[in-house]
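Trainee: Predicted coordinates and the sequence they were generated for:
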Amino acid sequence: MVKSSLVKGVVYWNRKLHIHLGLFLLLFIWLFSLSGLLLNHGDWKFASFWDERNEQKTTTPLRVPAGLDSAGILRYITAQLGAKGEVTEVKLYPDSVDFRCEVPGHIRTIHVDFLKGLCTQNEIQFNRWGILRTLHTFNGVNKENPSKPASWLLTNIWRFTMDAIAVGLVLLCFSSYLMWYKLKTGRLFGWLLLLMGLAGALYFVWLLRLL
């Protein structure tokens, strides 16, 4: 009796979890599905963003105070320029600094000459399709130093959200498996689909190891 009651409780809460978790993740799944399609089909005319980008180069006076450390220099420059976003690709030299400041859809490549007191910016802005496409791959990970934490608060929030979505999708798949397993009929077809999916995933893993 206790076992039966426990099984019914698991089935009940598993169904609840599946429904409400699916509703919560629905818009995120749509977002990444659409942006994934844009990544795979860059030739779609309606989603063209690179040809319609707004790019401009500007040079402005900017004197960096002496005595600042590397982090202080970057904070000072971004504050003076009103630049917000994830700071990456930092190259600091005795007489200059180069870095990239990026938010999804807006990229700034910045060079500051300490001796001349000049800042040169190359700005690229994308349309809404470019923003959507960039969101798919935006994670703030420094390629040269992957262990380095993100420098922008919104990057940390976005990364945490992506982790939560990944965990949610794992739970969603697991709850789907439990609901399917409880079915008395249709198990053969379910096993067939499960094995086909597993075989497809293993094939791509095996293929990538050969490259």
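Mentor: Received the coordinates, thanks. Numbers count the residues shown, from 1 in each chain.
Trainee: tell me which element the residue nearest to residue 49 when sequence neighbours are not counted is part of?
Mentor: Leaving out its chain neighbours, the residue that sits closest to residue 49 by C-beta to C-beta, 6 or more residues apart in numbering is residue 130, at 3.3 Å. Where you see a C-beta, it was placed from the backbone N, CA and C, and this is true even at glycine. Counting by DSSP states H and E, the element that carries residue 130 is helix 128-137.
Trainee: from the chain's centre, how far out does that helix sit?
Mentor: Relative to its chain's centre, helix 128-137 lies at 10 Å (C-alpha atoms, centre = their mean, to the nearest Å).
Trainee: what do you get for stretch 171-189?
Mentor: So, by C-alpha atoms, centre = their mean, the centroid of stretch 171-189 is 31 Å from its chain's centroid.
Trainee: Between its first and last residues, how far does it reach?
Mentor: According to C-alpha to C-alpha, to the nearest Å, stretch 171-189 extends 22 Å from its N-terminal end residue to its C-terminal end residue.
Trainee: And the helix ranked longest in the chain, what's buried?
Mentor: Ranked by residue count, the top helix of the chain under DSSP state H comes out as helix 2-40. Applying a neighbour-count criterion of 16 or more other C-beta atoms under 10 Å, one finds 14, 17-18, 21, 25, 32, 34-35, 38 buried in helix 2-40.
Trainee: Do you have the helices of this protein handy? List them.
Mentor: Applying DSSP H to the chain gives helices spanning 2-40, 70-81, 128-137, 153-181, 187-210.
Trainee: right, and the ones you listed - which one's nearest residue 117?
Mentor: Using C-beta to C-beta as the measure, helix 70-81 is the one of the helices of the chain that comes nearest residue 117, at 11.7 Å.
Trainee: mind listing what's buried in that closest one?
Mentor: Counting neighbours by 16+ other C-beta under 10 Å, helix 70-81 gives 73-74, 76-78, 81 as buried.
Trainee: cool, and stretch 82-101?
Mentor: For stretch 82-101, by 16+ other C-beta under 10 Å, it's 83-88, 90, 96-97, 99-101.
Trainee: Mind putting the helices of the chain into TSV with distance to residue 119 and mean pLDDT?
Mentor: Written out in TSV, the entries for these read as follows (distance: least, C-beta to C-beta, whole Å; pLDDT from 0 to 100):
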stretch	distance to residue 119	mean pLDDT
helix 2-40	33	84
helix 70-81	7	92
helix 128-137	24	85
helix 153-181	23	88
helix 187-210	43	86
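Trainee: can you redo those as CSV with distance to residue 51?
Mentor: Putting the helices of the chain into CSV (distance: least, C-beta to C-beta, whole Å) gives the following:
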stretch, distance to residue 51
helix 2-40, 14
helix 70-81, 27
helix 128-137, 10
helix 153-181, 27
helix 187-210, 32
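Trainee: Which stretch among those helices approaches residue 55 most closely?
Mentor: Taking C-beta to C-beta, helix 128-137 is the member of these nearest to residue 55, at 11.9 Å.
Trainee: tell me what that closest one is packed against?
Mentor: Judged by 3 or more C-beta pairs under 8 Å, 6 or more residues apart in numbering; DSSP states H and E, the packing partners of helix 128-137 are helix 2-40.
Trainee: 10 Å instead, please
Mentor: Other helices and strands packing on helix 128-137, by 3 or more C-beta pairs under 10 Å, 6 or more residues apart in numbering; DSSP states H and E, are helix 2-40, strand 96-103, strand 106-113.
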